[in-house]
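Undergrad: predicted model and sequence follow; I will ask about them next.
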Amino acid sequence: MSADRLLVAVFGSPVSEVLLRWATELGYRTVLVEPDPSPSSGIAADLVVRGFSELDGELAGGTADVVVTDHHRAELGELLRDALARPSRWIGVMGNPRHEGPHVAALTALGVPSEEIARVHRPIGLDIGSREPAEIAVSTLAGLLADRNGRSGGFAHGG
């Protein structure tokens with residue numbers, strides 16, 4: 001495993017289950033952040049915590065990719081605020097790009113400055129028309145790998 005690859009999935013969900021399983025295959029150390037322990041049952045991760053305050057040591061290097069897998073949870077604003085307050089390489093929230101993400105209002109209500117809110121990526125992953133958890137996970141992981149490698153993640157069109 002590469003010491004510089006840490007994937008933090010926020011919230012136990014069908015997407016995070018696949019995301020964390022496949023991230024391990026790609027050399028990531030994996031963390032699940034789930035404030036409610038019941039949804040995380042059965043999701044395999046190297047570390048399962050209830051909040052970002054438990055990850056200060058893990059995040060110290062600033063190499064983590066943080067993916068919020070559910071934008072409807074009440075804890076969204078607080079967990080994103082806490083993630084933004086710690087060093088991370090990349091932070092993103094899943095959701096429909098045609099609508100403003102609920103994270104914007106949640107973070108604004110918590111007093112998070114707009115320049116910090118702008119650090120949150122949305123949409124995330126490659127645009128492959130993902131609908132199912134496995135498709136969303138593969139799109140997200142491919143997008144993260146492209147970003148880490150300085151690539152756009154698209155096909156090169158040419159003649």
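TA: Yes, it's here. Residues are numbered from 1 along each chain as shown.
Undergrad: and whatever helix or strand G92 lives in, how far from the chain's centre?
TA: G92 belongs to strand 90-93 when elements are defined using DSSP states H and E. Average the C-alpha atoms of strand 90-93, do the same for its chain, and the two points are 5 Å apart (CA atoms, centre = their mean, to the nearest Å).
Undergrad: also stretch 89-102?
TA: Offset of stretch 89-102 from its chain centre (CA atoms, centre = their mean): 10 Å.
Undergrad: identify the residues contacting that stretch?
TA: 15, 62-72, 76, 80, 83-84, 103, 119-125, 136, 140, 144, 147-148 (CB atoms under 8 Å, 6 or more residues apart in numbering). Where you see a C-beta, it was placed from the backbone N, CA and C, and this is true even at glycine.
Undergrad: can you give me the strands in the protein?
TA: For the chain, the strands defined by DSSP state E cover 6-10, 29-33, 47-49, 64-68, 90-93, 120-121.
Undergrad: CSV for the ones you listed, including mean neighbour count and mean pLDDT?
TA: Rendered in CSV, the data for those read as follows (neighbours: other CB atoms under 10 Å; pLDDT from 0 to 100):
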stretch, mean neighbour count, mean pLDDT
strand 6-10, 28, 97
strand 29-33, 24, 96
strand 47-49, 16, 94
strand 64-68, 27, 97
strand 90-93, 22, 95
strand 120-121, 19, 94
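Undergrad: need these in a markdown table (columns: distance to L20).
TA: Listed next are the strands of the chain as a markdown table, based on distance: least, CB to CB, whole Å:
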| stretch | distance to L20 |
| --- | --- |
| strand 6-10 | 5 |
| strand 29-33 | 5 |
| strand 47-49 | 10 |
| strand 64-68 | 10 |
| strand 90-93 | 15 |
| strand 120-121 | 19 |
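Undergrad: which one of these lies closest to R21?
TA: With distances scored as CB to CB, the stretch of these nearest to R21 is strand 29-33 (8.5 Å).
Undergrad: now do the same contact list for L19.
TA: Taking CB under 8 Å, 6+ apart as the test, what L19 contacts is 7, 9, 67, 69, 136-137, 140-141.
Undergrad: same thing with L141?
TA: For L141, the contacting residues are 19, 22-23, 26, 125, taking CB under 8 Å, 6+ apart as the criterion.
Undergrad: give the buried subset of those as a ChimeraX selection command.
TA: Of those, the buried ones go into a single ChimeraX selection, burial set by 16 or more other CB atoms under 10 Å:
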select :19,22,23,125
